[in-house]
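Undergrad: Model the following, please.
(2 chains)
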Amino acid sequence: MNYNHKKIESKWQAFWDEYKTFKVTEDEHKPKYYVLDMFPYPSGAGLHVGHPLGYIATDIVARYKRMKGFNVLHPMGWDAFGLPAEQYAIKTGTHPQETTKKNIDNFRRQIKMLGFSYDWDREINTTDAVYVKWTQWIFLQLYKKGLAYEAEVPVNWCPELKAVLANEEVVDGKSDIGGHPVYRVPMRQWMLKITDYAESLLSGLDEVDWPHSVKELQRNWIGRSEGADVDFPIENSDKIITVFTTRPDTLFGATYMVLAPEHPFVDELTTVDQKESVKEYKETASRKSDLERGELNKEKTGVFTGSYAMNPANDEKIPIWIADYVLMSYGTGAIMAVPGQDQRDWDFATEFDLPIIRTVEITDDYDGEAFTGDGLAINSGFLNGLYVDDAKKIMIKWLETEGKGKGAIRYKLRDWLFSRQRYWGEPIPIIHYDDESKPLEDSELPLELPEIEKYEPSGTGESPLANIKEWVEIKNDGGEVIGLRETNTMPQWAGSCWYYLRYIDPANIDHPWDKDKESYWMPVDLYIGGAEHAVLHLLYARFWHHVLHDLGFVSTREPFQKLFNQGMILGEDGLKMSKSRGNVINPDAIVNEFGADSMRLYEMFMGPLDKAKPWNTKGLQGCSRFINKLWSKVCSSDGLSSYITEDAPNDETVKLLHQTIKKIGEDVENLRFNTAISQMMIFTNHLITLDHVPKSVLETFVKLLAPFIPHVSEEIWEYLGHNESITYESWPEFDEALAKEDLITIAIQVNGKLRANIEISADTEKKDVLSIAKDNDRIKAYLDGNEIIKEIYVEGRLVNFVVK
RNA sequence: GCCGGGAUGGCGGAACAGGUAGACGCGUUGGUCUCAAAAACCAAUGGCCAUUUGGCCGUGGGGGUUCGAUUCCCCCUCCCGGCACCA
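TA: Numbers count the residues shown, from 1 in each chain, chains lettered A, B, ... in the order given. I've put the predicted structure just below:
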């Protein structure tokens, strides 16, 4: 008889809600475990089956850890600011708050239907006024620490969207949304000085248990380079151009210099006869979109300024050029060009007929252009004969003693562009007065969004808030306007930078979180989410956390101890699920037909959690069948089935049960849910062959199932005569001795080829195993007439005879 | 181009720490039940050869180390993710 998943699942979900089964508070007597999901942006489309994949995994871990005696914090909330609700508002006039609420209600319903063990009393929403208050408060902590500043910076201006975009919203020079061209235009912006934390963010990676790939991604993003700042005096000027180079050893080969077109010295260095071409080049460069600067423009362009610098190594006169392959935003915005050792410089030198000097010896058969490998220094004065590493060190030392430069470290990481010209975000709590900008007092927070009628951007690059005079203008008692509110809002990342801290103390109105609670729960022990957040969210959140740590607000340096990225679930056609492809699987339909337990089980059974894998409803049916098989063996319509008896289990059942306890426990600890489920199936297949299923065996087995398929497990648990939820039952212990096989199969190989299998008792000694093997008829035939030159015995595994 | 990850039956995937490749599930085939079908249950299922015992081949391709390689080393191909003139 099939079990009634609808009845059982709604029954237990109601039970958990009513008794607040998963509510948690600090408990010093228990070890804590904080298991966190990346909270969702509640979109209008609702969940597809890929979204809850990570939630299922964390839920299994949460439930498992509770049974292992941990005090488990497992919360859920909503990252609810964001562009879609605002765009919907622009189109329909619906307040984003309304849209957001509706979407959250739908998401909550869908998430709840899967039976997750969240402590719903801790639910948070980044758009709630109390939450916004503390987001703004943290911003002000950054501001007061000098980490938030305003600057005229070239931003990604998208004329089509009439909006400034963040770097991460620009892909290949086009807007991530819509694919419109994006240009660099200077505008006043709020920036966060994440670059001050480059070293801290880099070294912190060594402390955390994260996927290797994510650490590498962050390391590359931070982009630390060691090298030297080298000063080049300019001919007929007392100005000095400082360049950053990772190859100070090649200084003797620097045959020209290049400045970024935006470099502040350019105008001054331009000679009269070069003025026209420099001006023209600068203008062209500034008009270029990122797309044109990047991919489309592989051939080098540039113009000579007319001025010369002195190579500090050999006092050679070298020309100063400008070219847009040098970026103002990295290093000093100027480079020394060493075409012999750098392919970009080689290309440029070839294009403009500049001299090329090799400073690293190449082999006779080297047929490349610039040589970037290791070798002996040549044409390099006092460096000649040294390998690259040594030559770098000697050159840096020389520069430092001569006062011509010094060792330096640079990062690719840029400061974080923190302002958005939008309505639906946290207002930046700053007022601009004539002579200065001032933050709001803590008591004035939260600064809430005003009601507005039109959500369109102002079109000038300012946010819609700029049009709300009564909100923007700060007046004195006499009604004079004395100040203007900042109209930029924060990016969506802001709310997600600290939500994991708010979960710890979600209702606190006096503080963002209680210190004692924070030190009890932090750090997050396990954080699961999509790999698309490998850099931005995880880097920004770490940045804030490092700052909060330096300010003494949090007790750990790193927020997320262990991180894991779940893979994508693809459509049945093996392609990414999307509405346009029509291959989206809706969890509502799946839960309705097969139940939440089947869906949970299948998603975990599909394969390793971190891999992308295609959905297959037939496969899901297999999991559903498994639950039904078990159910119909152990349950009848009104209680336990007649197979369940008080008998003692037989040896084989005991052995398999203990193997199963061991396997499932180890697999859950290592997030290998697919193989844990495979073991459940093996055990169930065994139970089905039994005439009598001992009640004690079923009790133990149901506990193993509970984290995976909690509804049906609760139901069976109740059938077994328990009044309490299975949630806090203790996880079964296994006995290694009982799990051990007493009869084992040994493979017998001759010259590495399998020729026979023998069954022997597990404690048979080596010499006996060998003699039994030799006595085997099949093996005899292979050994006959041959000389055994080697006998290999791998305990409990195989025997290999090497014969000649 | 650079960095990271991957490639195992018809499909999703297993395989301790170098030790019987293909667990578990799907699919397929045959059977039971049925008037029939579905569901359920039982059995078989990597390929090739062989009437059976059995033999040979087989973890993207090529080499190597080893008694023994999906696993370690070298070279190559393809796929996925990220970065991309970062000096």
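
Undergrad: Could you use CA atoms for every contact and neighbour count after this?
TA: Will do.

Undergrad: Stretch A:216-236: end-to-end distance?
TA: 46 Å (CA to CA, to the nearest Å).

Undergrad: for it, what is the average pLDDT?
TA: Averaged over stretch A:216-236, pLDDT sits at 94.

Undergrad: That one close to RNA strand B?
TA: Yes. Between stretch A:216-236 and RNA strand B, judged by CA under 7 Å from any atom of the strand, the touching residues are A:216-217, A:220-221, A:223-225, A:227.

Undergrad: Buried members of these into ChimeraX, please.
TA: Selecting only the buried entries of the residues of stretch A:216-236 next to RNA strand B in ChimeraX, with 16 or more other CA atoms under 10 Å as the criterion:
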select /A:221,224,227
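
Undergrad: Mind checking which of the residues of stretch A:216-236 next to RNA strand B are in strands?
TA: Counting by DSSP state E, the residues of stretch A:216-236 next to RNA strand B place A:224-225, A:227 in strands.

Undergrad: ok, the residues you listed vs RNA strand B, which is closest?
TA: residue A:225 (4.7 Å; CA to the nearest atom of the strand).

Undergrad: Close to RNA strand B: what parts of the stretch 601-750 of chain A are there?
TA: A:605-608, A:611-614, A:616, A:618-623, A:625, A:629, A:674-675, A:677-679, A:681-682, A:685, A:744-747.

Undergrad: returning to what we had before: which two from the residues of stretch A:216-236 next to RNA strand B end up farthest apart in space?
TA: A:217 and A:227 (21.6 Å; CA to CA).

Undergrad: Just put the ones in strands among the residues of stretch A:216-236 next to RNA strand B in CSV and tack on distance to residue A:132.
TA: Listed next are these as CSV, based on distance: CA to CA, whole Å:
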residue, distance to residue A:132
A:224, 34
A:225, 38
A:227, 43
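
Undergrad: Can you tell me what sits against the helix or strand containing residue A:267?
TA: Using DSSP states H and E, residue A:267 falls within helix A:266-269. Here helix A:266-269 makes contact (CA atoms under 8 Å, 6 or more residues apart in numbering) with A:259, A:305-307, A:322.

Undergrad: how does it look with 7 Å?
TA: By CA atoms under 7 Å, 6 or more residues apart in numbering, the residues outside helix A:266-269 that reach it are A:305, A:307.

Undergrad: That helix - what's its average pLDDT?
TA: The average pLDDT within helix A:266-269 is 94.

Undergrad: Can you point out the buried residues in it?
TA: A:266, A:269.

Undergrad: Excluding its own residues, what touches the following helix or strand past it? List them.
TA: Sequence-wise, the next helix or strand downstream of helix A:266-269 (DSSP H and E) is helix A:275-287. Outside helix A:275-287, the residues within contact range by CA under 7 Å, 6+ apart are A:261, A:303, A:305, A:324.

Undergrad: So which bits of helix A:275-287 are buried?
TA: Across helix A:275-287, burial judged by 16+ other CA under 10 Å covers A:275, A:278-279, A:281-282, A:285-286.

Undergrad: Would you map the helices across the stretch 451-600 of chain A?
TA: Assigned by DSSP state H, counting those that start in this stretch, the helices in the stretch 451-600 of chain A fall at A:469-472, A:493-496, A:499-502, A:515-521, A:536-550, A:587-594, A:596-605.

Undergrad: among the helices and strands of chain A, which has the poorest mean pLDDT?
TA: Across the helices and strands of chain A, mean confidence by mean pLDDT, DSSP states H and E is lowest for helix A:290-293: a mean of 60.

Undergrad: Next, the angle helix A:275-287 makes with the next helix-or-strand element following that one.
TA: Using DSSP H and E, the helix or strand that follows helix A:290-293 towards the C-terminus is strand A:303-310. Interaxial angle, strand A:303-310 versus helix A:275-287 (axes from the mean of the first three to the mean of the last three CA atoms, to 10 degrees): 110 degrees.

Undergrad: what's in contact with strand A:303-310?
TA: With CA under 7 Å, 6+ apart as the criterion, strand A:303-310 contacts A:232-235, A:269-271, A:274, A:277-278, A:316-323.

Undergrad: Isn't residue A:33 up against residue A:72?
TA: Yes. Counting by CA atoms under 7 Å, residue A:33 does reach residue A:72; the two are 4.8 Å apart.

Undergrad: What's the local residue count around residue A:643?
TA: The tally of other residues near residue A:643 (other CA atoms under 10 Å) stands at 19.

Undergrad: same thing with residue A:537?
TA: By other CA under 10 Å, the residues close to residue A:537 number 17.
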